[in-house]
Each structure stands twice: as C-alpha cells, then as structure tokens.
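Colleague: Pasting a predicted model and its sequence here:
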Amino acid sequence: MDVKGGHTEAMKGTEVGFVKSIRNFVISLDGLPTAKIGDIVKNDAGLRGWVNALLEEKVEILLLDEGTIVPGQMFKATGQKLTVPVGTFLLGRAVSPLGVPIDGKTLNKTNSSSFELDRKAQNIGSRTFIDRQFDTGITAIDSLVPLGRGQRELVMGDSHSGKTDFLINVIVNQKKTGTICVYASIGRPTTRVRHLIDSLAAKNALSHTIIVATSSTDPTPLIFLTPYTAFSIAEYFQGQGKDILVILDDMGNHAKIYREISLLSNKPPGRESYPGDVFYQHSHLLERAGSFKKEAGGGSITALPVIELNLNDFTSFIPTNLMAMTDGHLLFRSSLFSRGQRPAVDTSLSVSRVGQQTQTRLQNLLATKIKQIIAQAAEFETVSSFSFELPFETRLVLKQREIIFELLKQPPAAFIPREIQAVLLALPLTSFANSVEAETIKNSLEALINTLSTNPELKTLREGLLKIESIEELCQKLEALLPKFTKVKT
C-alpha cells in the first residue's frame, strides 16, 4: 500500500480510498469519508469506479472499466457524478451508457449538456393528465389496445413472437408523428445491436432515433446503467417540450444483471435469488415516464419495457413485478406469429389501463364491439364442433372474426391513420361481411388501405369520421360508399 502517496493526495485536498477487498467488479474501499452515491472515483491506471453503496466501514464501488485491481491500490475522488453528455448530436447515433460512440463515428458534442444517470422522477405536481394518444400507426394497437403519450406499457411474450419487429415498426412509424425514439439494448449480443441499426438505417428511421446499447460482453455495471442513460437522454428532449418514446429491451436481462451485482455485494437474496429491492430499482426507473406540464418542460416520455417469458407460467417474479408497475401490457404469442398474424398480439389478453381515455367515443365503441365479436366467435367455434348446420347469426359472427383478423394483419412499416383504422374495423359490421371473403382481403389489403387513404370521393368521410358518435351512424355512411372502395381484386 502506498501510504506516502495517499497522504500526499490527502494534503492536496483530494480524498482517497484504498482497496480492501475485490469480488469481481465489486470493490470495497477504505476511506473516501465524504463520498456520495453516484460519485466517480479513479485509480492511477485510469480505471473508473462508481460509488454504489456507503457502508459503516467501507465504500462500495462498481468498476466501469476492465482492468487489474489488487488490494491496497488507491482510488481518488474525482468530484464528478455519473453523467452522460446529451444534445441533438445524439440523434441518429449509437452510444454506450457513458455516451461513448459505438457506431464507428466520432461525436460532435456541440451545445452539449450533462445529465446525471440516476435522476429522481419528477413529482406529481409537474405531471398532467394523459389525454393524447400515442400513434403507432398499427391498427391492432391504436384501435384495440391504445397507448397514451406518457404511458408505461409492458411488451411481453415468448421467444420468436415478433416483439423486436413490432418495436422496429413503431420506431419507423414515428417519422409521421415527430416523436424522438430512444432504444436501450440491455446486454444483447452485438449482432442484435448491429441488426437493429441496419434495419432502422434501411428504413430511414435513424434520424429521429438514439440507440443506447451494451453487449453481453460489456462490464456488468455498464449493462446495469443502460436504461438509466436512455431515460436521462429522454428527459433532456422532454425538457424541450418534445414527445419521446423509450424502449427498454429487455428488463429480464436487467433484473439478472442487478441480481448478479447484489449477490456479489452480499445483499440477502429473496424470491428466485433476486434482492428485495429489485421492484424499487425498476419502478424508480419507470416512474420517470409521464406527461408533463409546461412548467416542467412540457412534452412526454412514453415507456415500453420489454420482457421475454414462458407463456405457460405468468407467475414468475420479474414479469409480475413489471405488470404491477406499468399501465398495461401487450401480449405477443409465437403461435399467432407462426400463423402469419402481424403483429402477433393477443388482443383478448392485452390491456391498456390509460389508452382508452385518449380515444374518441367512436374508437371506444368500435374497440368494444370488435372484442365482443372475437370473444363470441371463440365460444361459437367450440359449439360448432358439435353441429353440422349452424344458424346464420353464428356463421356471420365466425366470418366477421375471420375478416377482422385479416384486416388486423398489417404490412411492415405501414402507417395507418386512426380514421382509416376506424373504417377498416367498421367494414365487418356492414354488408361488406356478406359480399367479401376473408381470403379476398388477404390478397388485397394494401390496395384497400390505399383506396381508403387517397380516394378524393372519400375525403369528406375521412375528415369528419372520428367525430361520429355511434357505430350505427358510421355503418350507414359506409353502406352508401361501399361500391366505391370494395371492388377489390381476388
């Protein structure tokens, strides 16, 4: 131990600490009497540590860089907090949780600011009622499981159910809305991050997107900080009155990383070996989302945390925690994905506890009616297996469900406005259901959407559609116009 060097540093006014014990990336230091959580310390080799806990006889730090640490080594207080540089220069870029570019280009940090990573969520007095709909441009979401700007919606499902494709489509569609997207890739393989960047670049969606990424080979503390950086970047833009979408992919990885840190820090394990404060860690993070008053910068932060789970067991610890701290969930199924449903969302088991209040009366009525038809058809399908001849009403409901499922299948990166979504979902409630087969719609959906969007004779209907107060009134208007847009090619 270089005691003489330690005294010299102390005489200069710089606090120092000496390594007492090492457990992988968790380092215990003796010294640093005025250290605070989130402070950065550094040794002579340039290795940085982040103060994670203040205990009676030691200060615990997490090592942010890879290197060799030995007992007695000295760390100096830097007087700096754990921060990330933020600014418009981040748009279109991929960075590490500490703001270091990982896309092979340099950052031009013009007019940059620094934001602490672990910031407190804004208080209730700075928030406003969520009354604006978050437009994904996807019919199954915007119409049946709507999201509000500032909502926290859990995206969950089994593997190979199309969650990532859905999230990419949502980001691409934000070109139409002006929303800035921050994608946090938490400990994912480098190939996944590269695929994400290439996919967004190919669809011209990088200009309004920021990617914060760590790979599975990065230091564990760095992976842990990934979602915190994403929210800090989002809060910078929200403070300028902008609407932000934050995607956290995925929180299951983040929970495992926090479990690893906690076990190495000798925190007592609880259920499934996770520490008792894992709920706090995630809720404290997601509370930073919301819709904010002008005095607090205005704008909104909409959060989509993601988790992969086994759909045969919904009771595992982390998924139930996340369900409890969010405003609903979108449930993806690989069985729907394999049948060609895009997005593969099970609308009957998906929930949005905030989004409905952002919809018009017509959208609410349509969503309720469509869900009723889907549920009713599921019951009739069970009964129909015991009967050869079905009543007309039963056959009609079964056919309506087939048509609805085909109308909910959406081409990739297609943005469908809300008024067009309303027309699509109302069509099965008109004589359209009797005159067109589901297979016909499958072959001509894009042409149908294009006609509804561009036909000048339908302009008046489009402009005033969402002000209509009842499904019956909408169906009457559509019946008169059916010949204009139902001439679809088989």
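Modeller: Yes, it's here.
Colleague: Which residue is the nearest non-sequential neighbour of Thr110?
Modeller: Closest residue in space to Thr110, ignoring its immediate chain neighbours: Phe89 at 6.0 Å, by C-beta to C-beta, 6 or more residues apart in numbering. Every residue, glycine included, has its C-beta placed from N, CA and C.
Colleague: Please tell me how far the one you found sits from Ile244.
Modeller: Distance, Phe89 to Ile244, using C-beta to C-beta, to the nearest Å: 16 Å.
Colleague: and Leu245, how many residues sit next to it?
Modeller: Applying other C-beta atoms under 10 Å, we find 27 residues neighbouring Leu245.
Colleague: Does it lie in a helix or a strand, and which?
Modeller: Applying DSSP states H and E as the criterion places Leu245 in strand 243-249.
Colleague: and if you look at Val155?
Modeller: Element membership for Val155 (DSSP H and E) is strand 154-157.
Colleague: before we move on, the earlier item: the more surrounded of Phe89 and Ile244?
Modeller: Neighbours per residue, other C-beta under 10 Å: of Phe89 and Ile244, the larger number sits with Ile244, 27 against 14.
Colleague: Tell me which helix or strand the nearest residue to that one once chain neighbours are set aside sits in.
Modeller: Among residues not flanking Ile244 along the chain, Ala234 sits closest, at 4.3 Å (C-beta to C-beta, 6+ apart). Ala234 is part of helix 220-238 when elements are defined by DSSP H and E.
Colleague: what kind of secondary structure is Ala53 in?
Modeller: Classification of Ala53 using DSSP: H, G, I helix; E, B strand; the rest coil returns strand.
Colleague: State the pLDDT value of it.
Modeller: Model confidence at Ala53, given as pLDDT, is 93.
Colleague: Kindly report the same for Gly6.
Modeller: In this prediction Gly6 is given a pLDDT of 45.
Colleague: same deal with Arg259?
Modeller: Looking at Arg259, the pLDDT reads 97.
Colleague: cool, Gly92 as well?
Modeller: Per the predicted model, pLDDT is 95 at Gly92.
Colleague: Report the separation between it and Leu206.
Modeller: With distances taken as C-beta to C-beta, Gly92 is found 5 Å from Leu206.
Colleague: If you count surrounding residues, which of those two has more?
Modeller: Leu206 (21 against 18).
Colleague: can I assume that one is in contact with Ile197?
Modeller: Yes - with contact defined as C-beta atoms under 8 Å, Leu206 reaches Ile197; the gap is 7.4 Å.
Colleague: Counting neighbours, what do you get for Gly72?
Modeller: Using other C-beta under 10 Å, Gly72 has 12 neighbouring residues.
Colleague: before we move on, back to that, tell me the contacts of the residue nearest to Thr110?
Modeller: Leu107, Asn108, Lys109, Thr110, Asn111, Ser112 (C-beta atoms under 8 Å, 6 or more residues apart in numbering).
Colleague: try it again with 7 Å
Modeller: Leu107, Asn108, Lys109, Thr110, Ser112 (C-beta atoms under 7 Å, 6 or more residues apart in numbering).
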